[in-house]
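Student: What shape does this take:
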Amino acid sequence: MADYVAAVDQGTTSTRCMIFDHGGNEIARHQLEHQQIMPRPGWVEHNPVEIWERTSAVLQTVMNGKGLCAPDLAALGITNQRETTVVWNKRTGRPFYNAIVWQDTRTDKIAAALDKDERGELIRSKAGLPPATYFSGGKIQWILENVPGVREAAERGDALFGTTDSWLLWNLTGGVDGGVHVTDVTNASRTMLMDLETLAWDDELLEIFGVPRQMLPEIRPSSDPGFYGRTLAHGPLGGEVPLSAALGDQQAAMVGQVCLAAGEAKNTYGTGNFLLLNTGEELVRSKNGLLTTVCYQFGDAKPVYALEGSIAVTGSAVQWLRDQLGIIQGASHSESLARQVPDNGGCYFVPAFSGLFAPYWRSDARGAIVGLSRYNTNAHIARATLEAICYQSRDVADAMEKDSGVTLEVLKVDGGVTANDLCMQIQADVLGVSVSRPVVAETTALGAAYAAGLAVGFWETPEELRQNWNESKRWEPSWTEEQREDGYAGWRRAVERTLDWVQV
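Tutor: Residues are numbered from 1 along each chain as shown. Have a look, this model is predicted:
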């Protein structure tokens with residue numbers, strides 16, 4: 001019997017492969033970054049071919065590094081940056097255009113027009129999403145309208161759309177030689193094209209965006225005992241392995257954190273922040289700027305839903321300090337620099353580089369650093385960057401409590417930024433609740449592995465997964481209530497300064 005399950009985590013800035021044993025312990029990993037292409041202000045693209053090449057490389061490297069071969073793997077799961085849109089030619093395998101990344105704002109006029117009439121309410125009602133640049137529907141429309149030949153190719157069935165899970169699944173299972181064109185319910189729920197109740201592509205939504213149905217992948221459960229397909233004998237794993245799970249990255253983190261019961265929540269700190277609350281089989285429609293989304297679907301079981309607060313820029317704000325401002329050498333330096341000061345010195349940084357996502361949904365917002373005086377230093381800006389991550393999470397947590405009536409007592413956290421102890425302490429202080437990090441902080445990959453393993457019987461039941469979860473560290477609030485509310489009031493004033501900057 002195979003001893004391990006593998007997961008590909010295709011993220012916004014990098015792709016990694018991780019291998020886990022039955023106890024949920026990490027056995028091996030390899031990770032490679034890919035290029036961030038920014039041809040104009042507000043435009044963010046990736047090269048899909050580079051992403052596929054990176055995926056192949058991390059799979060091969062991690063297997064060779066541990067001396068493993070395909071029969072050692074019970075299954076392979078995929079998790080991915082969700083709304084990022086790829087359109088490719090099924091006959092040549094070549095993308096028609098670069099992948100348009102979820103952060104990209106070029107579709108702001110499309111989204112704004114939808115929000116001004118009854119079409120916006122139809123999208124909210126059926127898809128559980130507000131019309132926004134974030135989601136895939138507008139990105140597909142932009143490619144169809146602006147890239148020569150794509151509309152014609154789509155009409156004759158030669159142009160395929162997918163989020164990066166679909167792109168990788170197609171390539172892993174053969175590409176132009178019979179690759180499967182599929183996605184799962186969680187990724188499909190981020191397109192503005194799927195009905196949340198039927199879990200099927202919706203004709204009215206397709207008509208709004210002018211998307212031909214034949215472009216779209218088949219929607220399957222997140223954990224699929226029937227498999228999406230198998231890796232090819234001559235592929236990067238060197239043999240056939242069942243591809244039995246796919247989940248959007250934030251839903252995968254919910255599974256990895258074992259937030260499988262209604263009322264359980266987690267916050268993932270990556271390029272952006274994503275706070276999700278499991279609402280069980282109940283489809284809760286937000287009145288406070290959150291998203292209603294599919295959390296997961298295991299096999300033939302009913303889908304489980306979630307409320308989500310999506311924040312566009314958190315960890316990538318730290319990258320901005322490194323790459324654009326040059327005031328830190330690496331992500332870890334942000335903590336040591338910020339520790340040089342006891343507070344933000346009156347300085348707030350709202351990193352609305354792609355507008356503001358939940359709970360504001362303002363594509364007209366842009367980033368701002370406010371409250372500066374001669375007193376402030378680069379340490380204050382570093383501290384304000386970490387605080388921005390935490391204040392944006394409070395915005396979402398407050399909205400979530402209003403929508404669900406659930407008051408957070410402990411916030412489970414995961415993702416790269418959780419290695420920053422100061423940031424996690426600030427998060428506990430800003431929220432006024434305990435913050436808990438698991439032993440395996442990369443729960444996105446772990447969740448994809450869990451879903452893949454459940455599909456093939458590597459783990460018998462979801463309850464087995466709970467036994468694998470262990471806490472690594474906990475942070476308790478230290479601020480007074482007055483400190484907490486004064487700090488948050490300053491943050492809300494700063495957010496107001498970012499609005500109405502771009503005319504849409």
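Student: Find the helix or strand that residue 313 is a member of.
Tutor: Using DSSP states H and E, residue 313 is not contained in any helix or strand.
Student: In space, what's closest to it - neighbours in sequence excluded?
Tutor: Once flanking residues are discounted, residue 313 sits nearest to residue 351: 4.2 Å by CB to CB, 6 or more residues apart in numbering. In this view, the C-beta of every residue, glycine as well, is placed from N, C-alpha and C.
Student: Low-confidence bits of the stretch 51-200 of the chain, can you list those?
Tutor: Counting by pLDDT under 70, the stretch 51-200 of the chain contains no low-confidence segment.
Student: actually the chain, not the one I wrote
Tutor: The model of the chain has pLDDT under 70 over residues 1, 504.
Student: sorry, back to before: contacts only, for the residue nearest to residue 313.
Tutor: Applying CB atoms under 8 Å, 6 or more residues apart in numbering, we find residue 351 in contact with 313, 314, 316, 317, 320, 367, 385, 388.
Student: centre of the chain versus the longest helix belonging to the chain, how much separation?
Tutor: Looking across the chain with DSSP state H, the single longest helix is helix 378-404. Distance of helix 378-404 from the chain centroid (CA atoms, centre = their mean, to the nearest Å) equals 18 Å.
Student: Buried residues, that helix. List them.
Tutor: Across helix 378-404, burial judged by 16 or more other CB atoms under 10 Å covers 378-400, 403-404.
Student: measure the residue nearest to residue 313 to residue 194 for me?
Tutor: Taking CB to CB, to the nearest Å as the measure, residue 351 falls 30 Å from residue 194.
Student: same check, this time on residue 65
Tutor: Counting by CB to CB - residue 65 and residue 194 are separated by 38 Å.
Student: Compare neighbour counts for the two and give me the winner.
Tutor: Between residue 65 and residue 194, counted using other CB atoms under 10 Å, residue 194 has the larger neighbour count: 27 against 12.
Student: that older thread, pull the most distant pair out of the contacts of residue 351.
Tutor: Farthest-apart pair in those is 314 and 367; separation 12.5 Å (CB to CB).
Student: more crowded one of those two?
Tutor: Counted by other CB under 10 Å, residue 314 and residue 367 do not tie: residue 314 has more neighbours, with 26 against 18.
Student: list the contacts for that one?
Tutor: 269, 270, 271, 272, 273, 351, 388, 389, 392, 417.
Student: now the helices for the stretch 251-400 of the chain?
Tutor: In the stretch 251-400 of the chain, the helices defined using DSSP state H, counting those that start in this stretch lie at 315-320, 331-338, 378-404.
Student: These into a markdown table, with extra columns for distance to residue 289?
Tutor: Output for these, formatted as a markdown table (distance: least, CB to CB, whole Å):
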| stretch | distance to residue 289 |
| --- | --- |
| helix 315-320 | 21 |
| helix 331-338 | 28 |
| helix 378-404 | 5 |
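Student: Residue 246: which of these is closest?
Tutor: For the helices of the stretch 251-400 of the chain, the distance to residue 246 is smallest for helix 315-320, at 23.3 Å, taking CB to CB.
Student: So residue 465: helix, strand or coil?
Tutor: Secondary structure, DSSP: H, G, I helix; E, B strand; the rest coil: residue 465 is helix.
Student: where's residue 26 relative to residue 279, distance?
Tutor: For residue 26, the distance to residue 279 (CB to CB) stands at 30 Å.
Student: what about these two, which has more around it?
Tutor: Between residue 26 and residue 279, residue 279 has the larger neighbour count (other CB under 10 Å), namely 20 against 16.
Student: residues touching the more buried one, list them.
Tutor: 262, 295, 304, 305, 306, 307, 404.
Student: now the residues you listed: which count as buried?
Tutor: Neighbour-count burial (16+ other CB under 10 Å) applied to these gives 262, 295, 304, 305, 306, 307, 404.
Student: Can you name the residues that contact the closest residue to the fifth one other than its chain neighbours?
Tutor: Taking CB to CB, 6+ apart, and ignoring the residues beside it in sequence, residue 306 has residue 295 as its nearest neighbour in space, at 3.8 Å. The neighbours of residue 295, taking CB under 8 Å, 6+ apart as the test, are 186, 251, 254, 276, 278, 279, 303, 304, 305, 306.
Student: which of the residues in stretch 492-504 are buried?
Tutor: Buried residues in stretch 492-504, defined by neighbour count with 16+ other CB under 10 Å: 494, 495, 497, 498, 499, 502, 504.
Student: nearest to residue 137, of those?
Tutor: Nearest to residue 137, judged by CB to CB, of those is residue 504 at 17.1 Å.
Student: backbone phi and psi for residue 472, please?
Tutor: When quoted as degrees, to the nearest 10, the phi and psi of residue 472 stand at phi -90, psi -40.
Student: Residue 172 now?
Tutor: As for residue 172, its main-chain torsions (degrees, to the nearest 10) stand at phi -70, psi -30.
Student: residue contacts, it?
Tutor: Applying CB under 8 Å, 6+ apart to residue 172 gives the contacts 76, 179, 229, 231, 232, 235, 236, 243.
Student: What about these, which are in strands?
Tutor: Here DSSP state E is the test, and those give 76, 229, 243 as lying in strands.
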